[in-house]
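**Q** Kindly return the folded structure for what I paste below:
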Amino acid sequence: MSSSMINPSIVDLMEKVDNRYALIVITSKRARQIIDGKEPLVDMDSTKPVTLAINEINEGKISYKTLKEGIK
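**A** A predicted model of the protein is given here:
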């Protein structure tokens, strides 16, 4: 395996969310919150907002709600 593999893997992350689109939206929104000054919910050496957000999702620190209504 390559050393550039994402950790946690996409397979692990997909167990935490409904679909890939939701994963992207949740990750980007949480990364933006971290950039805007919110404290990370995980203790890591990394300061990269996306890395922190991904690890928060993987550790179950982030919750989200899916709206079931479609566009009208």
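**Q** Moving along the chain from the helix or strand containing residue 12, name the first helix or strand you hit.
**A** Residue 12 is part of helix 10-14 when elements are defined by DSSP states H and E. Next in sequence after helix 10-14, counting helices and strands by DSSP H and E, comes helix 20-35.
**Q** Need the contact partners of that next one.
**A** 10, 13-14, 16-17, 40, 49-50, 52-54, 56-57, 62, 64, 66 (C-beta atoms under 8 Å, 6 or more residues apart in numbering). Every C-beta, even on glycine, is put in place using the N, C-alpha and C of the backbone.
**Q** for that helix, which positions count as buried?
**A** 23, 26, 27, 30, 31, 34 (16 or more other C-beta atoms under 10 Å).
**Q** same check, this time on stretch 39-54
**A** 40, 41, 42, 49, 51, 52, 53, 54.
**Q** I'd like the residues you listed laid out as TSV, including secondary structure.
**A** Shown next, in TSV, are these (DSSP: H, G, I helix; E, B strand; the rest coil):
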residue	secondary structure
40	coil
41	coil
42	coil
49	helix
51	helix
52	helix
53	helix
54	helix
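**Q** and residue 58, what is it in contact with?
**A** 8, 12, 13, 16.
**Q** Let's see if you can find the most crowded of these.
**A** residue 13 (18 neighbours; other C-beta atoms under 10 Å).
**Q** hang on, that residue packs against residue 56?
**A** No: the pair residue 13 / residue 56 is not scored as a contact, 10.9 Å apart, by C-beta atoms under 8 Å.
**Q** which residues do those two both contact?
**A** Going by C-beta under 8 Å, 6+ apart, no residue sits against residue 13 while also sitting against residue 56.
**Q** Tell me which other helices or strands the helix holding residue 12 touches.
**A** In terms of contacts (3 or more C-beta pairs under 8 Å, 6 or more residues apart in numbering; DSSP states H and E), helix 10-14 is packed against helix 20-35, helix 49-58.
**Q** any chance of the ones you listed in CSV, with mean pLDDT too?
**A** As requested, the helices and strands packed on helix 10-14 are arranged in CSV below (pLDDT from 0 to 100):
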stretch, mean pLDDT
helix 20-35, 96
helix 49-58, 96
